[in-house]
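Novice: Next comes the sequence, and after it the predicted model I'd like to discuss.
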Amino acid sequence: MDRPMPLIEPMPPAADGVMPWDGPVSDTVAAIGAARAACGDTFVIDSGRDRYLFLFSPRGLQEFYAVPEQTASKGVADWKMLIRKLPQELFEGRRTLPHELFGRSDTQAYLEALEDAISRHLDGLSPGDEVEIFDFTRRLGHSMGLASWAGREMLDSPRIEELVAALDALDGAEAFVAPDRMREVARSKKACEYEAMAEAEEIISESVAARASPGDDLLGTIIERWTGETDQRLSGVARDVILVHLSSMSNMFAALGWTLVHLVQHPGVLARVRAAAGADRDLASRCVLESTRIGQRSIMLRAVLAPVTVDDGSRAYEVSPGATLATFLPLTNLSGGPGLDRYDPDRWRGRSLVSPAGLPAESVTTFGHGVHACPARPFSVAAMVRVVERLFGDYDLEPRFADPVPRPGQIGGVARAAGPCVVELRARQ
Ligand code: HEM
């Protein structure tokens, strides 16, 4: 028998519709936008066996980001999403979480690894090449990530292409980039994903086994977590690496893709970035934030574990365990204030959005707020800024695209483009 939906008291307006992993939704932004237009800033969607309480008012968003993990869990909500795509075994027994890696004060090790990965990709380019931006940034994202947490030696591995193919097949982000495909994944019992996980594990284990000592890079930190372990050591390290890597591939390469697209579309901003390159990275960092803001397609979810009161500024709702709190970034990031539909890196001062003035911080989200804010933000911004400086330092990118738009079925992470975004490389004059 179906269990009853968790209670919400008083019950907010209920919108028609389903979430895309439960039924067909051709355009997620349009569908949830229509629900909000019909019901207001606080509403419920009952979909499959779950009840989602969507919050969009300023106070509702503040409460959403402030709710403690033990009461309404991001970890559980993310797991419920990712488990539609990834094998359960990948989550079991993990010893390294990305927070611990990026909590290290020493960023030098990963910056050198990033430079190495970028150099190798740029060495493979020549004037006249036609490059699909998101394909390029995806490959670069793999190299930058693997060089950082699978060890720089992975860049020289004869099996790196095989590893990248396996990681692309495993791709946890597909759960929200192509949610409509998850029924097919379930029907296959994740056969491709199990095969890909085994292959990735084998290649990473082989490389880790060749290390004489843990090393003082991020991989070394992961290896140390498994000190004393014999049977499970290599596969444990490999799975830690895989999970960190899959997290990194949710957002970074796509945010970098939009950063490049927007700079191609805004030559005035690009000229200023080039003039400042190396000396002042602030403008390039702001370009990264601005493109991330515009590209965000994240649905933010918190699985309610204990009764919680959520006030949206007009009413306080008693929400029972089993419900899921939700908000959807494209509906706030692009319309939470006047002018937010325009690209303008100067709306940022450092890490803060200052234009339009007076917006509550939670109205616009790039890397998150509060306890769950992205631990990899400094890493990601540094990586993206270096790619911008080095790629545009060497080349002009001649657009062969018109006006790229996000993939309409996506509901999570930073947007993937709906179609190819090709540029032709020209040696910089
Ligand atoms: C442009 C790149 C990135 C963007 C825009 C981004 C965005 C975000 C956002 C918005 C959140 C908060 C989600 C929420 O509150 O529900 C988050 C959390 C997180 N991100 Fe990122 N991220 C990026 C890169 C990365 C990378 C490279 C990694 C790992 C290698 C990573 C790992 C994580 C983890 C583990 C969390 C969860 C933190 C927690 O629950 O406490 N992110 N990220």
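Specialist: Yes, it's here.
Novice: Could you use CA atoms for every contact and neighbour count after this?
Specialist: Will do.
Novice: Point out the other helices and strands that whichever helix in the chain runs longest packs with.
Specialist: Of all the segments of type helix in the chain, defined by DSSP state H, the longest one is helix 233-265. Other elements packing on helix 233-265 under the criterion 3 or more CA pairs under 8 Å, 6 or more residues apart in numbering; DSSP states H and E are helix 133-149, helix 191-209, helix 218-225, helix 267-276, helix 282-295, helix 377-394, strand 395-399.
Novice: Could you list every helix and strand that the shortest one packs against?
Specialist: Helices and strands touching strand 395-399, by 3+ CA pairs under 8 Å, 6+ apart, are helix 233-265, strand 422-427.
Novice: My guess is R297 contacts G412. True?
Specialist: Yes. Judged on CA atoms under 8 Å, R297 makes contact with G412 at a distance of 5.1 Å.
Novice: list the contacts for the residue nearest the centre of the chain?
Specialist: With distances taken as CA atoms, centre = their mean, the residue of the chain nearest its centroid is N251 (2.6 Å). Neighbouring residues of N251 by CA atoms under 8 Å, 6 or more residues apart in numbering: G413, V414.
Novice: Serialize the helices and strands packed on helix 233-265 to JSON lines and add fields for mean neighbour count, mean pLDDT and distance to the ligand.
Specialist: Putting the helices and strands packed on helix 233-265 into JSON lines (neighbours: other CA atoms under 10 Å; pLDDT from 0 to 100; distance: least, CA to the nearest ligand atom, whole Å) gives the following:
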{"stretch": "helix 133-149", "mean neighbour count": "23", "mean pLDDT": "97", "distance to the ligand": "7"}
{"stretch": "helix 191-209", "mean neighbour count": "19", "mean pLDDT": "98", "distance to the ligand": "17"}
{"stretch": "helix 218-225", "mean neighbour count": "20", "mean pLDDT": "94", "distance to the ligand": "11"}
{"stretch": "helix 267-276", "mean neighbour count": "16", "mean pLDDT": "96", "distance to the ligand": "19"}
{"stretch": "helix 282-295", "mean neighbour count": "25", "mean pLDDT": "97", "distance to the ligand": "6"}
{"stretch": "helix 377-394", "mean neighbour count": "19", "mean pLDDT": "95", "distance to the ligand": "5"}
{"stretch": "strand 395-399", "mean neighbour count": "19", "mean pLDDT": "98", "distance to the ligand": "21"}
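Novice: buried stuff in the least confident helix or strand in the chain by mean pLDDT?
Specialist: For the chain, the helix or strand with the lowest mean confidence is helix 98-102, at a mean of 82 (criterion: mean pLDDT, DSSP states H and E). Across helix 98-102, burial judged by 16 or more other CA atoms under 10 Å covers P98, L101, F102.
Novice: How about it and the ligand, touching?
Specialist: Yes. Interface with the ligand: helix 98-102 contributes P98 (CA under 6 Å from any ligand atom).
Novice: Report all helices and strands that that helix contacts.
Specialist: Using 3+ CA pairs under 8 Å, 6+ apart, no helix or strand is in contact with helix 98-102.
Novice: Would you mind writing the CA trace of it as CSV?
Specialist: Once non-C-alpha atoms are left out, helix 98-102 reads as follows in CSV (Å, rounded to 0.1, in the frame of the first residue of the first chain):
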residue,chain,number,x,y,z
PRO,A,98,35.9,16.7,-0.7
HIS,A,99,35.6,19.1,2.3
GLU,A,100,38.7,17.4,3.9
LEU,A,101,40.7,17.7,0.7
PHE,A,102,39.9,21.4,0.1
